[in-house]
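Q: here is my input; please provide its structure:
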Amino acid sequence: MSRRARALGFLLAAIVCAVLAASVASGYRNRVEAQYGPLRPVVVSTAQLPPGQPIGAEQAAAFLTVRRVPARFIPSGALTRPGDAIGRAPGARIPAGSYLLDAQLVVPQAEPPRPPGVGEGRRPLQVSVVGAEALLVGGASPEGRRVDVVVSRQSALGASARAHIAAEAVKLLALEGPTGPGDGWSATLAVTEEQALALIGAQSGGREIRLLPRT
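A: Predicted coordinates:
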């Protein structure tokens, strides 16, 4: 037998084997579907997924895969696409080889903004202020900005109205609006000890305290 004839024989034998393998696989799939239901895609974790760690595109490509499983064995809420997990985090540890369920994933909560630091040599002081609405012009949050603190005294019998800057360029740590009828504004400032004593004395003496934003 020539080399060409032998090569042709091997090729025909390979084709026959491939056809038989496909036939066997098709028959097996048909029997499985008949017994357990049609095959459906389901997302499976290939590695342990820790709780609280958001799943990004790289993690989804590396640690999630899609397998076709009889519908009878797929739990309710199982994901069918790895992309559906991106941006979400496991609420509890998910072992490797587990189905990925919608109920297992949560949307991570954004971290609350960190309050501005007080600064070295300063301490927080909360005082009642008037006219604080001016600090909200423009819609930006005033926390963290520098303000001048103005103390004023109303005119009275034998005395004229007076105002002076009690503290310059202090950091505004927090600003709280009225919580009910008759309530006013309050501000928490980062001040030195000397400034704190001056402002406490002014507030105790019934003087008005205003905040002027620095330009």
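
Q: partner strands of the longest strand along the chain, with direction?
A: Of all the segments assigned as strand in the chain under DSSP state E, the longest by residue count is strand 162-176. With DSSP bridges as the test, strand 162-176 is paired with strand 146-153 (antiparallel), strand 185-191 (antiparallel).

Q: contact partners of that strand?
A: 115-116, 118-119, 122, 124, 132, 135, 142-153, 185-191, 195, 198-199, 202, 209, 211, 214 (CB atoms under 8 Å, 6 or more residues apart in numbering). Where C-beta positions appear, they are placed from N, C-alpha and C, glycine not excepted.

Q: got the phi/psi numbers for residue 71?
A: Backbone geometry at residue 71, expressed as degrees, to the nearest 10, gives phi -60, psi -30.

Q: try residue 58
A: Dihedral angles (degrees, to the nearest 10) for residue 58: phi -70, psi -40.

Q: do the same with residue 139
A: Here is the backbone geometry of residue 139 (degrees, to the nearest 10): phi 80, psi -10.

Q: please parse this structure into its domains.
A: Residue ranges for the domains of the chain, per automatic domain parsing: 36-109, 123-213.

Q: and those domains, which one is worst for confidence?
A: When those are compared on mean pLDDT, domain 123-213 scores lowest, with a mean of 86.

Q: and the contacts of strand 162-176, which are buried?
A: Buried members of the contacts of strand 162-176, scored by 16 or more other CB atoms under 10 Å, are 118, 122, 132, 135, 142-143, 145, 147, 149-151, 153, 185-191, 195, 198-199, 202, 209, 211.

Q: which residues touch residue 103?
A: Listed by CB under 8 Å, 6+ apart, the contact partners of residue 103 are residue 77.

Q: apply 10 Å and report the result again.
A: Counting by CB atoms under 10 Å, 6 or more residues apart in numbering, residue 103 makes contact with 75, 76, 77, 78, 91.

Q: surely it forms part of a helix?
A: Yes - if the criterion is DSSP: H, G, I helix; E, B strand; the rest coil, then residue 103 is within a helix.

Q: and it, how far is that from residue 203?
A: 54 Å (CB to CB, to the nearest Å).

Q: how far does the longest strand of the chain sit from its chain's centre?
A: In terms of CA atoms, centre = their mean, to the nearest Å, the centre of strand 162-176 is found 33 Å from the chain centre.

Q: same question for it: list its buried residues.
A: So, applying 16+ other CB under 10 Å, buried residues of strand 162-176: 166, 167, 170, 171, 172, 173, 175.

Q: which one of those residues is nearest to residue 61?
A: residue 173 (43.9 Å; CB to CB).

Q: find the nearest non-adjacent residue to that closest one, please.
A: Closest residue to residue 173 apart from its sequence neighbours, by CB to CB, 6 or more residues apart in numbering: residue 188 at 4.3 Å.

Q: residues contacting that neighbour?
A: 115-116, 118, 124-127, 143, 171-176.

Q: if you set the cut-off to 8 Å instead, what comes out?
A: Here residue 188 is in contact with 124, 125, 126, 172, 173, 174, 175 (CB under 8 Å, 6+ apart).

Q: if I look at it, how far off is residue 119?
A: 13 Å.
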